[in-house]
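Participant: How does the following fold in three dimensions:
(2 chains, ligands or ions: 2)
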Amino acid sequence: MIKESFYKRLQNQAKSELAAKADKYRVVVQLGHCSTSLGAKEVVESFDKYLTSDSYLVVAGCDGACFNGPTVSVRSPDGSIVSLDNMDASIAVRIATLIEGNVSPLKFKDANNVFIDGQTRLVLQTCGEIDAVNLSEYIETKGYYGLFKAVSLSPDKVIDRVKNSGLRGRGGAYFPTALKWKGARKAKGVNKYIVVNSEEGEPGVFKDRHLMEGVPHKIIEGALIAAYAVGANNIFFYINAEANLSYERMNLAIKEMTSGGILKDGIMGSKWPVKIELRRGAGGYVCGEETTLINTMEGYRREPRLRPPFPTESGYLDSPTIINNAETLANLPHIFSSPISDFTAIGVENQSGTKLISLSGAVRRTGLAEVPFGTTLKYLVNHIGGGLPESKSVKAIGIGGPSSGLLPPSLIDTKISPGALNEAGIILGSGGVIVLDDTITIIDFIRHLAAYNSDESCGKCTPCREGTPKLVELIDKFISQKATSHDVNEIESLAMIIKDSSLCGLGQAAGTPVFSLIRFFYDQLLIKDN
Amino acid sequence: MNTISSDNENLNELKLALEKHFPREHNQLMPALHYAHHQYNYLPEPAIEVVARHVKIPLSEAYGAVTSYSEMRLVKPKEHLIKVCTGLSCKIANSDDLLNIARQFANKLNDVDVEETACGFLCSVAPAVCIDGAWAGKLDPINFKTALNNLTQRIHQS
Ligand SMILES: Cc1cc2nc3c(=O)[nH]c(=O)nc-3n(C[C@H](O)[C@H](O)[C@H](O)COP(=O)(O)O)c2cc1C
Ligand code: FES
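Facilitator: Ligands and ions are numbered 1, 2, ... in the order given. So this is what the prediction gives:
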């Protein structure tokens, strides 16, 4: 039995560290990959230079409102907070001067935050508000309490709770998480492995980066819960080769977590020891596919393996291996620290909780948004995204990253959940949504995706290797207006063959754009014999 | 194919570093390759050989693995690299204009490469360009040209 005192001790440690700063101004700068590209690093440097001992600087990840970064917020000793958007380095000296003169920075106008307020933030809660890597700030916001609760249960009970939560994998396949865990728990093997899939090499998707940069401890906490439940002594964090800031923050957070004593006497005092290692990807969309990822980790070519055996039985070094997406794991702290009904009440039947949506394209507000499953695209596009600028209208909504299907505006009431979208032949995948306005030519968009899939095909299986470039050729026939109605049949049946006979999800989904083209935008195809 | 100069000394250093940091196991191939890549900014063939020997696999197998990963460079890159994202969000935000500007800029100089990339994961602040490892979002031709001018200055200073 884990003693209540274990977590109490962590809390006290955190409290005493933070107490020293309580009567100071707290200046938070959101520094992530996106805001860095807009000058946030210079903002941080400038605050570093100008802030005096009346205040302290916190470097957080981004809250997801990328469109108006860099964002700075200031909390006064009286607790009031003002948040400022579209900042540059010059804000630092202004704020520092106000603080020094004891004038409240609250005289600045608080940013209007429909983008954030319109969301349901479970995973993203505290993202952009707390120091990204500091352990005390995380614990102050109930961090590692879910883990503490989990290790107070037996591993089987942990899996039961995950089952009752209805959590499904957010990496794109929506496989029930508990079922996967149960498989690995039952599997025979001395060594078992947890692999956190943060490869995220999928164009148009930037959710895992936000999590690693803003709330790395949540992913770590989730991974530790998984390790305890499954009986794994090894955790790998597999991080995209180019996501340097993500890697840096994960690395620092792991160090904070270990030196803070979370693994003392095993995970949270459970006597269950665990070893943590970070690995980098080496480029390519298919690297994120789970069996390809195992090949990479073992030092083989970037190509998928045949399944079965599934990784849960025989994965890394032929041992039972759980591969979970970072977002999936980041849901666990909440599932264990709050009543389970808090989680199951959100979402739709068979799909509880929220989904992170990477929203880009023609909408006014672009960024990362967390919405309950079952939210309509209309709400996402028009409310959270703020709709399109005056003179523009929606031509299509592309959903699902490189295997995006296109939905016409008439279907904007469709709900964001794998089920509802599947009915329209569309795969939600990891939640990339791009809004296209009326200046876009649909067939060009489809060609772009087809060319990408063809480039990224690893070449191992014939249907994908030979079929995906052939799709591009056929699309080109439509673009050059040489296609006949025969070619419509041709392209559709080719897409079907690739879908049915490819080895991994890349090929299996590569036809989706073509299907949606024919289903929803047939009238826009220029066909010679029509 | 490029070879590195004064390779013997360099390679010996690499060999020692690998021995220090990486167990001699197959599963250390990628971490060791990453390490070597980081040292040279690409993978010269002799370095792949050292890595292969370290993890005890044939050079052919190591080479086969290397060529399947898009982030592993086999050719020595030029001194400066401009990556222009031509992914969907960026394309919609007129990244083609930025690509043209970058190409024209690089044509005039010997030590600048221009590459297209499928996504810089800055789709929410498109269009995005990366100059020598530093990404910039929401670029328009005017501030892109300013950034390129800064690069020219850096080139002249060095
Ligand atoms: C081409 C391709 C790319 C993928 N990329 C990723 C990825 O970057 N991250 C991820 O978590 N899952 C990715 N997946 C899904 C994984 O194979 C796997 O289903 C997932 O990591 C399981 O985690 P989950 O159950 O928590 O969703 C990809 C699948 C395919 C077919
Ligand atoms: S499309 Fe350019 S950053 Fe994603």
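Participant: now the residue of chain B found nearest ligand 2, nearest residue through space, not along the chain?
Facilitator: With Cβ to the nearest ligand atom as the measure, residue B:87 is the residue of chain B nearest to ligand 2, at 2.5 Å. C-beta here means a position set from N, CA and C on the backbone, and glycine is covered the same way. Using Cβ to Cβ, 6 or more residues apart in numbering or on different chains and skipping the chain neighbours, the partner closest in space to residue B:87 is residue B:119 (4.0 Å).
Participant: Isn't the residue of chain B closest to ligand 2 up against residue A:201?
Facilitator: No - in this structure residue B:87 lies outside contact range of residue A:201 using Cβ atoms under 8 Å: 11.9 Å.
Participant: Please enumerate the shared neighbours of those two.
Facilitator: Overlap of the contact sets of residue B:87 and residue A:201 (by Cβ atoms under 8 Å, 6 or more residues apart in numbering or on different chains) is empty.
Participant: partner strands of the one helix or strand residue A:369 maps to, parallel or antiparallel?
Facilitator: Assessed by DSSP states H and E, residue A:369 sits inside strand A:367-372. Strand A:367-372 pairs in its sheet with strand A:354-361 (antiparallel), by DSSP bridges.
Participant: what about residue B:23, how many neighbours?
Facilitator: 12 (other Cβ atoms under 10 Å in any protein chain shown).
Participant: Spit out the contact partners of residue 92.
Facilitator: You didn't pick a chain, so chain A it is. Per Cβ under 8 Å, 6+ apart, neighbours of residue A:92: A:43, A:46-47, A:49-51.
Participant: Oops, wrong one, chain B.
Facilitator: So residue B:92 contacts A:361-362, A:436, A:440, B:126 (Cβ under 8 Å, 6+ apart).
Participant: Then residue A:502?
Facilitator: A:461, A:463-464, A:467, A:508, A:510.
Participant: Please, where are all the strands along chain B?
Facilitator: Counting by DSSP state E, chain B has strands at residues B:80-85, B:112-117, B:129-131, B:134-136.
Participant: between those, which gets nearest to chain A?
Facilitator: strand B:134-136 (4.4 Å; Cβ to the nearest Cβ).
Participant: Which of the contacts of residue A:502 are buried? Put it as a ChimeraX command.
Facilitator: To isolate the buried members of the contacts of residue A:502 in ChimeraX, using 16 or more other Cβ atoms under 10 Å in any protein chain shown:
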select /A:461,463,464,467,508,510
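Participant: and which of the contacts of residue A:502 is nearest ligand 2?
Facilitator: Among the contacts of residue A:502, and counting by Cβ to the nearest ligand atom, the member closest to ligand 2 is residue A:510, at 18.6 Å.
Participant: is it true that that closest one touches residue A:403?
Facilitator: Yes - using Cβ under 8 Å, residue A:510 is in contact with residue A:403, at 6.1 Å.
Participant: who touches both of the two?
Facilitator: residue A:453.
Participant: residue boundaries of the helices in chain B?
Facilitator: For chain B, applying DSSP state H gives helices covering B:7-21, B:29-40, B:45-54, B:59-68, B:88-92, B:95-107, B:141-157.
Participant: Please save the CA atoms from the fifth one in PDB.
Facilitator: So the one you mean is helix B:88-92. Extracted in PDB, the C-alpha atoms of helix B:88-92 (Å, rounded to 0.1, in the frame of the first residue of the first chain):
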ATOM      1  CA  LEU B  88      -0.600  22.600 -47.800                       C
ATOM      2  CA  SER B  89      -1.200  25.400 -45.300                       C
ATOM      3  CA  CYS B  90       1.900  27.100 -46.500                       C
ATOM      4  CA  LYS B  91       1.100  26.700 -50.100                       C
ATOM      5  CA  ILE B  92      -2.300  28.300 -49.500                       C
END
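Participant: what's the burial count for the residue in the stretch 351-500 of chain A that ligand 1 sits nearest to?
Facilitator: The stretch 351-500 of chain A approaches ligand 1 most closely through residue A:430 (6.5 Å), counting by Cβ to the nearest ligand atom. Residue A:430: 25 surrounding residues under other Cβ under 10 Å.
Participant: And for it, nearest residue in space, chain neighbours not counted?
Facilitator: residue A:172 (4.7 Å).
Participant: Tell me how many other residues crowd that neighbour.
Facilitator: With other Cβ under 10 Å as criterion, residue A:172 counts 23.
Participant: Now do the contacts for it.
Facilitator: Counted by Cβ under 8 Å, 6+ apart, residue A:172 has contacts A:325, A:427-430, A:505.
Participant: which residues touch the strand holding residue A:369?
Facilitator: Here strand A:367-372 has contacts from A:34, A:62, A:64-67, A:115, A:118-124, A:206-207, A:210, A:346-348, A:353-359, A:379-380, A:384-385, A:416, B:124, using Cβ under 8 Å, 6+ apart.
Participant: Which residue comes closest to residue A:355 once chain neighbours are left out?
Facilitator: residue A:431 (5.3 Å).
Participant: Check residue A:176 too.
Facilitator: In space, residue A:176 is closest to residue A:168, 5.5 Å off (Cβ to Cβ, 6+ apart).
Participant: circling back: buried subset of the contacts of residue B:92?
Facilitator: So, by 16+ other Cβ under 10 Å, the buried ones in the contacts of residue B:92 are A:361-362, A:436, A:440, B:126.
Participant: need the contact list for the residue in chain B that ligand 1 sits nearest to.
Facilitator: Closest to ligand 1 within chain B is residue B:121: 11.4 Å, counting by Cβ to the nearest ligand atom. The neighbours of residue B:121, taking Cβ under 8 Å, 6+ apart as the test, are A:33, A:200, A:205-206, A:209, A:242-243.
Participant: So which of those are in helices?
Facilitator: A:33, A:209.
Participant: Need the per-residue pLDDT for the residue in the stretch 401-530 of chain A that ligand 2 sits nearest to.
Facilitator: Closest residue of the stretch 401-530 of chain A to ligand 2, Cβ to the nearest ligand atom: residue A:434 (8.7 Å). What the model reports as pLDDT for residue A:434 is 97.
Participant: Next, the contact list for it, please.
Facilitator: Counted by Cβ under 8 Å, 6+ apart, residue A:434 has contacts A:204, A:359-361, A:397-398, A:404, B:88-89, B:123.
Participant: of all the contacts of residue B:121, which comes closest to ligand 2?
Facilitator: Using Cβ to the nearest ligand atom as the measure, the one of the contacts of residue B:121 that approaches ligand 2 most closely is residue A:206, at 7.6 Å.
Participant: That closest one and residue A:61 touch, don't they?
Facilitator: No - in this structure residue A:206 lies outside contact range of residue A:61 using Cβ under 8 Å: 11.8 Å.
Participant: export the contacts of residue A:502 to JSON lines and tack on pLDDT?
Facilitator: Formatted as JSON lines, the contacts of residue A:502 follow (pLDDT from 0 to 100):
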{"residue": "A:461", "pLDDT": "95"}
{"residue": "A:463", "pLDDT": "96"}
{"residue": "A:464", "pLDDT": "96"}
{"residue": "A:467", "pLDDT": "96"}
{"residue": "A:508", "pLDDT": "95"}
{"residue": "A:510", "pLDDT": "95"}
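Participant: where does chain A come near ligand 1, residue by residue?
Facilitator: A:169-173, A:175, A:197, A:199-202, A:285-286, A:288-290, A:323-325, A:328, A:504-506 (Cβ under 6 Å from any ligand atom).
Participant: taking those one by one, which sit in helices?
Facilitator: Reading helices off the residues of chain A next to ligand 1 with DSSP H, I get A:290, A:328, A:505-506.
Participant: For the nearest residue to residue A:517 once chain neighbours are set aside, identify the helix or strand it belongs to.
Facilitator: The shortest distance from residue A:517 to any non-neighbouring residue, by Cβ to Cβ, 6+ apart, is to residue A:446 (5.1 Å). Per DSSP H and E, residue A:446 falls inside helix A:442-456.
Participant: Right, I'll call it a day here.
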